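[1] dropping the sequence and predicted coords here.
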Amino acid sequence: MGPIGQLQPLKLYSHKRGSNPWKVALTLEELDISYVSEYLEFDQTKTEPSLSLNPNGKLPTLRIPTVKWLFLS
């Protein structure tokens, strides 16, 4: 986390062609929740550092600074 009172934004790790990541992105948009996206290729999800984000090697993965990771859609 950054300086006191300054939260890091959520970070959505996804793939441009995957349907589940878009469901998460649309939900965040509808709820007006600020986030940043990082797009990964499917072959990147089964290697490090992606496996340290989500040991299942699947997308989407949402980084929530206060919780760490949420990776089931």
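    Good, I have the coordinates.

[2] which parts of this protein are helices?
    For the chain, applying DSSP state H gives helices covering 19-30, 50-53.

[3] and those helices, which one averages the lowest pLDDT?
    Ranked by mean pLDDT, those bottom out at helix 50-53, with a mean of 86.

[4] hmm, back to that, can I get the helices of the chain in TSV with mean neighbour count and distance to Pro60?
    Yep, even glycine has a C-beta here, placed from its N, CA and C like the rest. TSV is the format used below for the helices of the chain (neighbours: other C-beta atoms under 10 Å; distance: least, C-beta to C-beta, whole Å):
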stretch	mean neighbour count	distance to Pro60
helix 19-30	14	4
helix 50-53	15	10
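
[5] in the chain, which spans are strands?
    Remark: strands assigned in the chain by DSSP state E are 10-14, 35-39, 61-64, 68-70.

[6] tell me which of the ones you listed approaches Ala25 most closely.
    Nearest of those to Ala25, taken as C-beta to C-beta: strand 10-14 at 6.1 Å.

[7] turn the helices of the chain into a markdown table, columns for distance to Pro9.
    Shown next, in a markdown table, are those (distance: least, C-beta to C-beta, whole Å):
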| stretch | distance to Pro9 |
| --- | --- |
| helix 19-30 | 10 |
| helix 50-53 | 16 |
